[in-house]
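**Q** Take this sequence and fold it.
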Amino acid sequence: MLHLQTVADLRAACDRARAGGHSVGLVPTMGFLHAGHRSLMRAARAGCDFVVVTIFVNPLQFGPGEDLDRYPRDLAGDLAQCEEEQVDCVFAPAAREMYPSAPLTTVHVARLTEGMCGAARPTHFDGVTTVVAKLFAIVGPCTAYFGRKDAQQLAVVRRMAEDLNLPVTVVGCPLVREADGLALSSRNAYLDPEERAAAPVLFAALRAAGDAVVAGERDAQRLRAIVRETVAKEPSVALEYVDVRDAQGLEPVATIDGDGELLVALAARIGATRLIDNIGISIRGGDVALDLGRTV
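**A** Okay, here's the model as predicted:
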């Protein structure tokens, strides 16, 4: 497995792979890898010849007072996991390699970044799209794999790639959960035992809303109320938002009318830790299918 730290070396490695007739798969991460990341590596391994995992805690996507300095890091453990998943190349650059000077160019995707997580973190998605655009430019033509836990991010990155005609196919992969329903996240490491015990209420609330749709509920306001009422059963959990959106364009939904793909998404704080989660809802001809992710 290659362990690269410079932009030039990564670009050369990907160019060599394509010159040899190999397809390139990209899994962008911020490290402190878990089973959710590994599921992305496996998807890339199954679909591509040359698999690249990037490990970079991107300072541009952290706002003032956020957890950039204390974001969990374990490069040695990450490299070991990548070896186990038969990754071909890990790119783990220093911040000065990605940003030799303060960037004067950033990438902004309008509308899709408004509301939901964008309301509380107004600079976050510009940081995400800027670093992902850089990675796409460095790696070149490839298939890039992102988890559906970050549903708003996935929609934003897809639209960026489409709008800018980037030679990248963006693939969304299933959200991965612990056995009790908690969505896997590197930030779960921040939770103390009591907070960890309370955290599964987030999935329970989303599941309750999904079950209501299966039972015939079509009022988005009522679905949001179901989530709020369920989360309120855990006093240590503070709901930041819950929203019902079209899954593709992220337009707010007031009434579920006809067929379509929907997203019920939330963010909450448990102590000092901010967590996000979502479920997908597919309605076809009156039949309702829930995308709850999968367990480890």
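
**Q** In a helix, residue 18, correct?
**A** Yes: the assignment for residue 18 is a helix, going by DSSP: H, G, I helix; E, B strand; the rest coil.

**Q** Hmm, it is touching residue 25, no?
**A** No: look at residue 18 against residue 25 with Cβ atoms under 8 Å: they stay out of range, at 11.9 Å. Placement of C-beta: from N, CA and C, glycine included.

**Q** Neighbour count for the two, which is higher?
**A** Taking neighbours as other Cβ atoms under 10 Å, residue 18 and residue 25 compare with residue 25 leading, 27 against 16.

**Q** Show me what the more buried one bridges to in the sheet.
**A** Each beta-bridge partner of residue 25 is listed here, defined by DSSP bridges: residue 51, residue 143.

**Q** Which residues are in contact with it?
**A** Contacts of residue 25 were listed using Cβ atoms under 8 Å, 6 or more residues apart in numbering, and they are 43-45, 47-52, 142-145.

**Q** Ranking by neighbours, what's the top pick from the residues you listed?
**A** Across those, the neighbour count under other Cβ under 10 Å reaches its highest value at residue 51, namely 30 neighbours.

**Q** Contact partners for it?
**A** Residues near residue 51 by Cβ under 8 Å, 6+ apart: 24-25, 27, 41, 44-45, 86-89.

**Q** Tell me the one of these nearest residue 70?
**A** Nearest to residue 70 among the contacts of residue 51 is residue 27, at 23.8 Å by Cβ to Cβ.

**Q** Quick one: neighbours of the closest one, just the number.
**A** As a burial measure, residue 27 scores 30 neighbours (other Cβ under 10 Å).

**Q** ok, now residue 199?
**A** When neighbours are counted by other Cβ under 10 Å, residue 199 registers 25.

**Q** could we number from 53 for the rest of this?
**A** From this message on, residue numbering opens at 53, which makes the last subject residue 251.

**Q** isn't it right up against residue 322?
**A** Yes: under the contact definition of Cβ under 8 Å, residue 251 touches residue 322, with a separation of 5.7 Å.

**Q** Please identify every residue contacting each of these two.
**A** Joint contacts of residue 251 and residue 322 (Cβ under 8 Å, 6+ apart) are 243, 289.

**Q** residue contacts, residue 240?
**A** Under the criterion of Cβ under 8 Å, 6+ apart, the contact list for residue 240 reads 234, 248, 251, 325, 327.

**Q** before we move on, back to that, pull the most distant pair out of the contacts of residue 103.
**A** So, the contacts of residue 103 by Cβ to Cβ: farthest apart are 76 and 138, at 14.9 Å.

**Q** what about the two, which has more around it?
**A** Remark: of residue 76 and residue 138, residue 76 carries more neighbours, 24 against 11, as counted by other Cβ under 10 Å.

**Q** Leaving out sequence neighbours, find the closest residue to the more buried one.
**A** Nearest residue to residue 76, sequence neighbours excluded (Cβ to Cβ, 6 or more residues apart in numbering): residue 194, at 4.0 Å.

**Q** From residue 330, how far off is the one you found?
**A** Residue 194 sits 26 Å away from residue 330, taking Cβ to Cβ, to the nearest Å as the criterion.

**Q** Among the contacts of residue 240, which are located in helices?
**A** Secondary structure assignment (DSSP state H) places residue 248 from these within helices.

**Q** who wins for neighbours among the contacts of residue 240?
**A** Counting neighbours by other Cβ under 10 Å, the top entry in those is residue 251, with 25 neighbours.
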